[in-house]
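1. Sharing a model prediction with you, sequence too.
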Amino acid sequence: MTVEFISAVNVNPGNELNRLGRTDIDLPFFKRYVNALEDAGFDYTLCAYASSFQDQFAIANQIVARSERVAPIVALRPNTIYPTVAAKALATLDQFGAGRAVVHFISGGNDAE
């Protein structure tokens, strides 16, 4: 049986544990984070969706540009993007990533959004 390792991407040092409350993209941190995933042998990293998050496709494109093996998992919530637009973006990402694009359809919703 093959074991695969999955993370959730961080674009700055803030996370659920330290609650820094940052929303900016810290590019030097992000580069180190992607490099650390690559060096540690991670297979996937989730590019989560929330209306307050950065664009998950832009983040996923940066991941494939900065790594050789890490596959971005793009989270998509129904009714937030047209299916044809999502398909086109995923197909483009998959080409840039040499077949590494993965999609995660979020079945639930967020009443606040």
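-> Structure received.
2. Poorly predicted segments of this structure, please.
-> For the chain, applying pLDDT under 70 flags the ranges 15-18, 109-113.
3. Show me where it has its strands.
-> For the chain, the strands defined by DSSP state E cover 6-8, 44-47, 71-76, 102-105.
4. Adjacent strands (with direction) for the longest one?
-> The strands that strand 71-76 pairs with in its sheet are strand 44-47 (parallel), strand 102-105 (parallel) (by DSSP bridges).
5. For that strand, what is the distance to the chain centroid?
-> Mean-position distance between strand 71-76 and its chain equals 5 Å (CA atoms, centre = their mean, to the nearest Å).
6. One more: stretch 46-58?
-> The chain centre lies 7 Å from the centre of stretch 46-58; the measure is CA atoms, centre = their mean.
7. what residues does that stretch touch?
-> Stretch 46-58 is contacted from outside by 6-9, 11, 23, 25, 59-60, 63, 72-77, 80, 89, 93, 104, 106, 110, 113, using CB atoms under 8 Å, 6 or more residues apart in numbering. For every residue, glycine as well, the C-beta is placed using N, CA and C.
8. what distance separates the start and the end of stretch 45-53?
-> End-to-end distance of stretch 45-53 (CA to CA, to the nearest Å): 15 Å.
9. so what's the residue nearest the centre of the chain bridging to?
-> Centre of the chain computed as the mean C-alpha position; nearest residue by CA atoms, centre = their mean is residue 47, 1.9 Å away. Residue 47 has these beta-bridge partners by DSSP bridges: residue 74.
10. Tell me how far it lies from residue 56.
-> Going from residue 47 to residue 56 by CB to CB, to the nearest Å gives 4 Å.
11. I'd like the strands of the chain as TSV, with distance to residue 35 appended.
-> Converted to TSV, the strands of the chain look like this (distance: least, CB to CB, whole Å):
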stretch	distance to residue 35
strand 6-8	13
strand 44-47	12
strand 71-76	15
strand 102-105	20
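12. of all the ones you listed, which lies closest to residue 36?
-> Judged by CB to CB, the one of these that comes nearest to residue 36 is strand 6-8, at 9.2 Å.
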